[in-house]
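**Q** Model the structure of this input:
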Amino acid sequence: MKFNDQSLRFHAALLLLLLISLCGVAQIRLPQILANGMVLQRGTKINIWGWAGPAEKITLKFKGKTYHTVAGKGNKWTIALAPMKAGGPFQMDIIGSNHISIHDILVGDVWFCSGQSNMVIPMERVREKYAEDISKAQYPMIRNFFVKTVADVSAVHDDLPAGKWQSASPESVMEFGAVSYFFAKEIYDKYHVPVGIINSSVGGTPIEAWMSEEAFSALPQYQNRLTLLHDTSFVKKSLAVPVTAGQNEAEKTDAGLNEHQKWYDPDYQATDWKNFWMPGYWADQGVRGLNGVVWFRKDFILPSLQAGAPCKLFLGRIVDADQVYLNGQQVGNTTYQYPPRRYALPQGLLQVGKNTLVVRVLNYGGKGGFVPDKKYCLAIGKDSIDLRGDWKYKVGVAFPPQKPEEPVFAMQNEPTGLYNTMVAPVIGLPVKGVLWYQGEANTFKPKEYGFLLPMLIENWRKKWNQKDMPFLYAQLPNFMEVQYLPAESLWAQLRQEQLNSLSVKGTGMAVTIDAGEWNDIHPLNKKDVGHRLALLAENMVYGDENLVASGPLYKSGKVVADSVIISFNHVGGGLISKGGGKLLQFAIAGADKKFVWAEAVIRNKQVVVWNNQIQVPMYVRYAWADNPDGANLYNKEGLPASPFMYSDQQLNKKSNQ
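**A** From the prediction side, this is the model:
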């Protein structure tokens, strides 16, 4: 049979239509969280769910049992598995119009880990601090599923963005959240039960973004906002708010990049550059109110060089962005202020004798420069060159003042914006409990946080249909500059609201007031945080009732003559002053609420607080500051006391049940 061109095209079109129709047949589909390597919660009924064609028959085979169902409303299907003991690995087969096999399934304990950046921070970010832990991270029974960021205020999603389960190894653990990994490791080491981590967290996000719409039913201010967010024209208009381009345009005129000889050229003569002591901020060294580009330069002599030794440049943290050049070659670039600057150097770039290091710093607001008390050195094998000290600087361009702009609209910061996309799709999977590390984004409204946190706990418990689901959270750590007189503090107020939230049954709080850094909202000490959360889990969830799982928590106060006697829960083996000196960071006030530093001594399991100037004390505060340096009330088990405030109106009122 002969075909002309027109006939060939006709038959090709028919074949294409046939293929399209065949591809269009609905097949079984599973949610992202049900995949190879997953961990299922032991000891409870497990729902396996997915989607298929209309009324499609589904068969599931698992652990020698066979289950049947039919796709129903919305083409969704669900099969319930009976409670199981810990174990694995297992295989699951799901059969319909297609056949899906899920391999390497474990049954153990699943923890949903959420919050903002301090829950996100991966092991990679703390790899120098925990190099040994990373090298020994061979834990095939610890699995991590990291939920990629996606936000939506318009609808609840039925599935997560693409993701995968990973077992812990020295290579893969670099992507695990550091807090959640150290928590999981401690739980596994003690109980030898598979541990699954679902890390669903986003930096800089407020608590309200993680709550469902139903949670706001009694809050008119949020209801009004949600009404706006349901208006697609409002959302579309808000997303279209332009970002001011003035600074970007000014950056193009940077003299360091536009002069005939670039300022990063090692042969460039920096004869008119000014002196700068590094690390530090240029606002503290003679430059006022400058947002723009500032170049920094340092020549150093390398007397010898180890052949083949790995070379890495550590430049602490830089506000806001940087480009780094060594001997004229760019060796690093970071676009925002928070990550530590750690740049591996190409082989052969360093040379014996003179070397030139140039750092181009861009600052868009606040104090620009090099964050103090960080690591600034050049590591060459086992040796290092200290880069602190005298540098030279010159301004490349100053950005013009910016007009106040409308706040940039971001769905991940709006009520329901992250619940809809990063929590709701997981609700069908039972969990052992929740780990929560969040609050920094809500410090401007601490009182509001005081009712939002209990509401989030109630909201998630209802959604998971787990009435007493354990909810363990980290209290905010110490942060920002030290103040040497008693003062007001929004961070302290939010810590108090976190302490008060322990009145919600089934909650636990890890005190981290000694685990922060004054100059970094992302402190590197994630191991202590994970450890203290694990202690709470071991005590509250795993039944180790004899374990001291918390530092001292305020219980009650009583005025006796001119002193206040403070009682605590969780004193363990007794109260101590860490380091053996006098108790610090206690302040006291009378009716005028003018706080002064107080004397404080431990008597049995209580602390007696007084100041001879205050004859009728009414208020006591402990560690009430952004960064209460020297706070040293601990129990003998080495766990710190939570910051707190007592007033005479709190008489016998318990902050912790």
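
**Q** Could you point out the longest strand of this protein?
**A** When the chain is parsed with DSSP state E, its longest strand is strand 99-115.

**Q** hey, where'd the helices end up in this protein?
**A** Taking DSSP state H to define them, one finds helices in the chain at 5-23, 117-120, 131-135, 178-191, 220-229, 232-239, 246-251, 255-258, 446-464, 490-500, 527-540.

**Q** Dump the ones you listed into TSV; add mean neighbour count and distance to N611 as well.
**A** For the C-beta atoms, the positions are set from N, CA and C on the backbone; glycine is no exception. Shown next, in TSV, are those (neighbours: other C-beta atoms under 10 Å; distance: least, C-beta to C-beta, whole Å):
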stretch	mean neighbour count	distance to N611
helix 5-23	10	79
helix 117-120	23	36
helix 131-135	14	45
helix 178-191	24	38
helix 220-229	14	41
helix 232-239	12	52
helix 246-251	14	51
helix 255-258	16	56
helix 446-464	19	26
helix 490-500	22	19
helix 527-540	22	32
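
**Q** rank these by pLDDT, which is bottom?
**A** When the helices of the chain are compared by mean pLDDT, helix 5-23 comes last with a mean of 47.

**Q** hang on, the earlier thing: closest one to R297 among the helices of the chain?
**A** helix 255-258 (10.0 Å; C-beta to C-beta).

**Q** And that closest one, what does it pack against?
**A** Using 3 or more C-beta pairs under 8 Å, 6 or more residues apart in numbering; DSSP states H and E as the contact test, the elements touching helix 255-258 are strand 389-398.

**Q** Centre of the chain to the strand it packs on, how far?
**A** 33 Å (C-alpha atoms, centre = their mean, to the nearest Å).

**Q** for the helices of the chain, which one sits closest to L106?
**A** helix 178-191 (11.2 Å).

**Q** residues touching W282, list them.
**A** Contact analysis of W282 by C-beta atoms under 8 Å, 6 or more residues apart in numbering lists 276, 290, 294, 367-369, 393.

**Q** redo that, cut-off 7 Å
**A** By C-beta atoms under 7 Å, 6 or more residues apart in numbering, the contact list for W282 reads 290, 294, 368-369, 393.

**Q** which non-adjacent residue is nearest it?
**A** G369 (5.0 Å; C-beta to C-beta, 6 or more residues apart in numbering).

**Q** And for F176?
**A** N144 (4.7 Å).

**Q** Contact partners for the one you found?
**A** Contacts of N144 (C-beta under 7 Å, 6+ apart): 166, 168, 176, 197, 199.

**Q** what's the answer for A155, then?
**A** Here A155 is in contact with N420 (criterion: C-beta under 7 Å, 6+ apart).

**Q** same check, this time on A255
**A** Applying C-beta under 7 Å, 6+ apart, the residues near A255 are 396-397.

**Q** returning to what we had before: what does the model give the residue nearest to W282 for pLDDT?
**A** Confidence for G369, expressed as pLDDT, is 96.

**Q** re the thing from before, just want the angle from the longest strand of the chain to helix 178-191.
**A** Inter-element angle recorded for strand 99-115 and helix 178-191: 110 degrees (by axes from the mean of the first three to the mean of the last three C-alpha atoms, to 10 degrees).

**Q** How far away from the center of its chain is strand 99-115?
**A** Centroid separation for strand 99-115 versus its chain: 22 Å, with C-alpha atoms, centre = their mean.

**Q** Same question for stretch 473-483.
**A** That offset, for stretch 473-483, works out to 14 Å (C-alpha atoms, centre = their mean).

**Q** hmm, who's touching it?
**A** 436-437, 439-440, 491, 494-495, 498, 509-516, 518, 521, 523, 529, 533, 625-629, 642.

**Q** now for the contacts of N144, which pair is the farthest apart?
**A** Farthest apart among those - using C-beta to C-beta - are A168 and N199, which lie 12.7 Å from each other.

**Q** Might you list the low-confidence residue ranges for the stretch 351-500 of the chain?
**A** Across the stretch 351-500 of the chain, the ranges flagged by pLDDT under 70 are 403-407.

**Q** Which parts of it are strands?
**A** 353-363, 369-370, 376-380, 383-386, 389-398, 433-437, 471-474 (DSSP state E, counting those that start in this stretch).

**Q** Now, of the contacts of stretch 473-483, which are buried?
**A** Among the contacts of stretch 473-483, the ones that count as buried by 16 or more other C-beta atoms under 10 Å are 436-437, 439-440, 491, 494-495, 498, 509-516, 518, 521, 523, 529, 533, 625-628, 642.

**Q** sorry, back to before: now the helices of the chain as JSON lines including distance to V156?
**A** Shown next, in JSON lines, are the helices of the chain (distance: least, C-beta to C-beta, whole Å):
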{"stretch": "helix 5-23", "distance to V156": "28"}
{"stretch": "helix 117-120", "distance to V156": "22"}
{"stretch": "helix 131-135", "distance to V156": "37"}
{"stretch": "helix 178-191", "distance to V156": "25"}
{"stretch": "helix 220-229", "distance to V156": "13"}
{"stretch": "helix 232-239", "distance to V156": "16"}
{"stretch": "helix 246-251", "distance to V156": "37"}
{"stretch": "helix 255-258", "distance to V156": "48"}
{"stretch": "helix 446-464", "distance to V156": "10"}
{"stretch": "helix 490-500", "distance to V156": "28"}
{"stretch": "helix 527-540", "distance to V156": "29"}
